[in-house]
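Based on what follows, work out the 3D shape:
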Amino acid sequence: MSWFRDFFRPRRDNFMRYLIEQTALDVRGMEALVAYMSQPSETHAEGVNAAEKEADEVRRMLVDELNRTFVTPLDREDIYTLSRTVDDLLDYAHSTVEEMQILKITPCDNLKQMAEVLLEAAKELHLALMRLEEHPSVANDHSRKAKAAENRMEKVYRRAIADLFNGPADPPNIVSMLKRREVYRHLSNAADRADQAANIISDIVVKMS
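Purely as a prediction, here's the structure:
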């Protein structure tokens with residue numbers, strides 16, 4: 001009957017451990033992304049790719065654990081959605097590098113700034129989850145900082161789009177503009193996921209109060 005007892009036992013350590021590990025991989029992936037935007041080498045691209053693959057594996061283990069546990073320490077939907085959202089953050093970083101390589105897009109100052117904002121957001125989400133159990137109010141502070149990073153991303157994104165449209169209107173430049181705009185959108189969407197993750201953490205803090 002041990003399996004029956006395990007099914008009903010809350011597995012706080014495992015769920016939090018997996019979530020913290022996911023956000024740690026987000027940080028590692030964003031560090032590689034920032035490095036790629038400074039020096040677009042295959043090594044840095046592989047750093048993003050490796051972090052994304054490891055994060056996918058951690059998420060699979062979390063979902064498996066969730067499916068085998070009846071009583072969860074946090075709301076089941078919150079655990080699942082938070083895990084999916086922080087995973088999406090790294091997926092967007094991976095797809096950004098992949099598209100830049102396929103479309104032969106070279107990094108620019110705007111791309112580097114956007115990557116740096118994502119790294120900051122990832123760090124704040126990681127700190128929020130590390131503090132969530134013992135210091136929920138501190139975790140909430142970090143989640144607010146992650147949301148503030150998303151606001152900064154919006155400003156950089158708008159400036160980057162404006163820069164694109166200020167260029168010449170000849171056909172070659174228009175093609176380049178459309179390619180680069182897609183990459184900007186990937187990074188903007190990544191910041192949206194960071195904002196969503198921060199909202200979920202804030203909701204969890206309220207439920208813990």
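
Would you mark the buried spots in the longest helix along the chain?
As assigned by DSSP state H, the longest helix anywhere in the chain is helix 171-208. Going by neighbour count (16 or more other Cβ atoms under 10 Å), the buried part of helix 171-208 is 176-177, 180, 183-184, 186-202, 204-205. C-beta: built from backbone N, CA, C; applies to glycine.

Show me what that helix is packed against.
helix 76-103, helix 109-131, helix 136-165 (3 or more Cβ pairs under 8 Å, 6 or more residues apart in numbering; DSSP states H and E).

Determine which of those approaches Met30 most closely.
helix 109-131 (3.9 Å; Cβ to Cβ).

How far off centre is that closest one?
Distance of helix 109-131 from the chain centroid (Cα atoms, centre = their mean, to the nearest Å) equals 8 Å.

That one: which residues count as buried?
110-131.

other SSEs contacting it?
Against helix 109-131 (3+ Cβ pairs under 8 Å, 6+ apart) you get helix 12-38, helix 76-103, helix 136-165, helix 171-208.

for the protein, which residue is closest to the average position?
Most central in the chain under Cα atoms, centre = their mean is Leu89, positioned 2.5 Å from the mean C-alpha point.

so what pLDDT did it get?
What the model reports for Leu89 is a pLDDT of 95.

Now do the contacts for it.
Counting by Cβ atoms under 8 Å, 6 or more residues apart in numbering, Leu89 touches Asp26, Leu118, Ala121, Ala122, Leu125, Ala190, Arg193, Ala194, Ala197.

Dump these into a markdown table; add distance to Ile105 and pLDDT as well.
Output for the contacts of Leu89, formatted as a markdown table (distance: Cβ to Cβ, whole Å; pLDDT from 0 to 100):
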| residue | distance to Ile105 | pLDDT |
| --- | --- | --- |
| Asp26 | 23 | 98 |
| Leu118 | 17 | 98 |
| Ala121 | 22 | 97 |
| Ala122 | 22 | 98 |
| Leu125 | 27 | 98 |
| Ala190 | 16 | 96 |
| Arg193 | 22 | 96 |
| Ala194 | 23 | 96 |
| Ala197 | 27 | 97 |
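
Sketch out the low-pLDDT regions of the chain for me.
Applying pLDDT under 70 to the chain picks out residues 1-13, 167-172.

hmm, 90 instead?
Applying pLDDT under 90 to the chain picks out residues 1-15, 67-76, 133, 163-178, 207-209.

of all the helices and strands packed on helix 109-131, which lies closest to Met61?
helix 12-38 (6.2 Å).

before we move on, back to that, now distance to Leu103 too, for the contacts of Leu89, in a markdown table please.
Shown next, in a markdown table, are the contacts of Leu89 (distance: Cβ to Cβ, whole Å):
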| residue | distance to Leu103 |
| --- | --- |
| Asp26 | 24 |
| Leu118 | 20 |
| Ala121 | 25 |
| Ala122 | 25 |
| Leu125 | 29 |
| Ala190 | 18 |
| Arg193 | 22 |
| Ala194 | 24 |
| Ala197 | 28 |
